Structure formats: C-alpha cells, structure tokens
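>>> Sequence and computational prediction follow.
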Amino acid sequence: MDMSLFTSFEGRINRQKWWLGVIALMVVSWIVVIVIGMVFGGSMITTMDPNNPDAAAAMGMMSVLPIILLVFLWPLLAVYTKRWHDRGKDGVWSFIMFVPLIGIVWIIIECGFLRGTEGPNLYGNDPLAG
C-alpha cells in the first residue's frame with residue numbers, strides 16, 4: 001500500500017482503496033491500543049472504582065487515548081479527503097463525521113458505496129480509468 005494514501009491530501013482514490021485504508025487504520029489503531037493497554041497493565045473496561053488496583057492503570061491508559069486519536073487523525077483525514085475528491089467534493093466534507101450518528105452513516109454511504117465522478121474532475125484523473 002502506497003504510504004501517500006495516509007500522508008497526502010492530493011488526488012483521488014476509489015472505494016476499494018478507501019475501504020483498505022480505513023480498515024488498515026482501524027487495525028493498526030486497535031493494535032496500538034492493545035499494546036498500550038499491556039504497557040499500562042490494564043484495560044479500558046476496568047471499573048473506575050478508586051479502590052480497584054486496576055483503576056489507576058485504566059486511568060493511565062485513558063489519558064493516552066487522546067494522543068493516539070490525534071496521531072491517527074491526519075492519516076484518516078487524508079484518506080477521507082481523497083475519497084471526497086473522487087466524489088467531486090471538497091475534503092472539508094470529512095468533518096461531517098462529527099455530526100452524531102448521521103455523519104458516520106453519511107460517510108459510509110457516500111465514500112464507501114457510491115462511485116466517484118467519472119472521468120477527470122477538479123481534483124485529478126479518475127482512479128478507475130486506465
């Protein structure tokens with residue numbers, strides 16, 4: 001997989017690359033969370049009872065999660081932006097994900113299932129064309 005998929009906001013990608021990119025980011029982020037959970041010696045499922053010895057480890061892990069999210073935000077936005085470009089739309093549409101429930105459904109339908117613009121558009125050549 002070409003690393004520019006996760007680093008560049010230029011160009012267009014088809015549905016297959018979008019799905020592969022999103023799934024790859026999800027798997028890698030889960031692995032990172034699991035490894036960090038092992039490092040802290042706890043899990044996020046642990047009760048937050050202050051008398052529970054695992055609660056401190058879980059709190060430590062929870063404090064690292066925002067950093068993990070920020071690390072994965074750039075590549076995720078790069079993948080989403082290129083897919084929006086293929087649909088003939090600006091990458092700012094990626095922020096629809098912050099609209100509760102409807103946003104993620106909209107992204108999955110539009111980016112994951114609808115075909116991109118046929119032929120060249122403002123953002124580049126059709127990724128499915130020869």
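Cool, the structure landed. Numbers count the residues shown, from 1 in each chain.
>>> average pLDDT for the helix or strand harbouring residue 62?
Here residue 62, judged by DSSP states H and E, is contained in helix 53-86. Helix 53-86 shows a mean pLDDT of 85.
>>> And for stretch 119-130?
pLDDT averaged over stretch 119-130 gives 94.
>>> Please state the offset of stretch 86-106 from the chain centre?
12 Å (Cα atoms, centre = their mean, to the nearest Å).
>>> What's the end-to-end length of it?
Distance across stretch 86-106, first residue to last, is 16 Å (Cα to Cα, to the nearest Å).
>>> buried ones in that stretch?
86-87, 89, 91, 93-94, 96 (16 or more other Cβ atoms under 10 Å). Bear in mind the C-beta positions are built from the backbone N, C-alpha and C, glycine included.
>>> Which residues outside it are in contact with it?
9, 12-14, 77, 80-82, 84-85, 107, 110-111, 114, 116-117, 121-123, 126-127 (Cβ atoms under 8 Å, 6 or more residues apart in numbering).
>>> swap in stretch 112-122?
By Cβ under 8 Å, 6+ apart, stretch 112-122 touches 12, 14-15, 18-19, 83, 85-88, 126-129.
>>> redo that, cut-off 7 Å
12, 14-15, 18-19, 86-88, 126, 129 (Cβ atoms under 7 Å, 6 or more residues apart in numbering).
>>> Go through these and give me the one with the most neighbours.
Within those, residue 86 tops the neighbour count with 26 neighbours, counted by other Cβ atoms under 10 Å.
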